[in-house]
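Asker: Sharing a model that was predicted from the sequence below.
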Amino acid sequence: MELPTWNYLLNLPMQTIKVKEKRFEIAIPANRIAQRVEELQAEIYLNYQDRTPIFIGILNGSFIFMADLLKGYPGDCEMDFIKASSYEGMESTGDVKEIMGLKTDIEGRDIVLVEDIVDTGLTLEKLLENLKRSKPSSISIVSLLFKPEKCQADFKIDFLGFEIPNEFVIGYGLDFDGSVRNLKHIYRLQES
Ligand code: 5GP
């Protein structure tokens, strides 16, 4: 059986891909992501141990990270998702829309918000404000990536995967106008 070929992978060296006329190069390879996600799982478990946190994934970007982070989580936990969006193309619009609300009752519970990337921080700030109204007993934040140069928000990331420069990244759940979430490495936009 022949493997499918993707048009943006054709005629380019393996480290580089072309998506919608833009070139991207590998920034964080899949094996490094996997290693860091395993470490984060252990850090989070050590923090919660015999408590039962509710992990809330922020869709769409966090779905792969959330699955890898919680696969084999050694303690008891619950999971839910919330959908938010503030990005168009390669820029944050700052206008955060909460598209899908939470159904789980979080009053008195320990919440772990799972985000793919914190850029301006506006998405998380708005979601935190909303979640706090439901009176959880605690909220902590885990984010795979953080761009400190652009962050305008005032909250602490309790569990962080990688700090990255102010570059547009794709793959491992992160999209470029809806595409390429399925790439297993994280890529950065190449300087043109
Ligand atoms: P913020 O509100 O912190 O500016 O942006 C958060 C959301 O914007 C993230 O959940 C993610 O969906 C999107 N985002 C921020 N930076 C990037 C980036 O470099 N690449 C991609 N694909 N999405 C990003």
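Answerer: Arrived safely, thanks for sending.
Asker: What residues sit buried inside stretch 142-160?
Answerer: Buried residues in stretch 142-160, counted by 16 or more other CB atoms under 10 Å: 142-147, 151, 157-160. (Each C-beta comes from the backbone N, C-alpha and C, glycine too.)
Asker: which residues touch it?
Answerer: Contacts to stretch 142-160, defined as CB atoms under 8 Å, 6 or more residues apart in numbering, come from residues 33, 36-37, 40, 43-44, 47, 62, 65, 69, 92, 112-122, 124-125, 128, 140-141, 161-167, 169, 172, 186.
Asker: Can you pull up the residues of the protein that come close to the ligand?
Answerer: 61, 86-87, 92, 115-123, 168-170, 174-175 (CB under 6 Å from any ligand atom).
Asker: Buried subset of those residues as a PyMOL selection?
Answerer: The buried subset of the residues of the chain next to the ligand, as determined by 16+ other CB under 10 Å, is captured in PyMOL by this line:
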select buried, resi 61+86+87+115+116+117+118+119+120+121+122+123+168+169+170+174+175
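Asker: Looking at the residues of the chain next to the ligand, which are in helices?
Answerer: Under the assignment DSSP state H, these contribute 122-123 to helices.
Asker: follow-up on the earlier one: could you tell me which of the buried residues of stretch 142-160 are located in strands?
Answerer: Among the buried residues of stretch 142-160, the residues falling in strands (DSSP state E) are 142-146, 159-160.
Asker: Show me which pair in these is furthest apart.
Answerer: L145 and F159 (12.2 Å; CB to CB).
Asker: ok now do S137, which residues does it touch?
Answerer: 108-110.
Asker: and the helix or strand that contains N47, what other elements does it pack with?
Answerer: In this assignment (DSSP states H and E), N47 forms part of helix 30-48. Counting contacts by 3 or more CB pairs under 8 Å, 6 or more residues apart in numbering; DSSP states H and E, helix 30-48 packs against helix 63-70, strand 110-118, strand 138-146, strand 159-163.
Asker: In PDB, could you pull the C-alpha coordinates for the third one?
Answerer: In this case it means strand 138-146. Listed in PDB are the C-alpha atoms of strand 138-146, where the atom choice follows Å, rounded to 0.1, in the frame of the first residue of the first chain:
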ATOM      1  CA  SER A 138      -8.600  26.200  43.000                       C
ATOM      2  CA  ILE A 139      -7.600  26.900  39.400                       C
ATOM      3  CA  SER A 140      -4.100  26.100  38.000                       C
ATOM      4  CA  ILE A 141      -2.900  26.600  34.500                       C
ATOM      5  CA  VAL A 142      -0.800  24.300  32.300                       C
ATOM      6  CA  SER A 143       0.400  25.500  29.000                       C
ATOM      7  CA  LEU A 144       2.600  23.700  26.500                       C
ATOM      8  CA  LEU A 145       4.100  27.000  25.100                       C
ATOM      9  CA  PHE A 146       4.500  30.500  26.300                       C
END
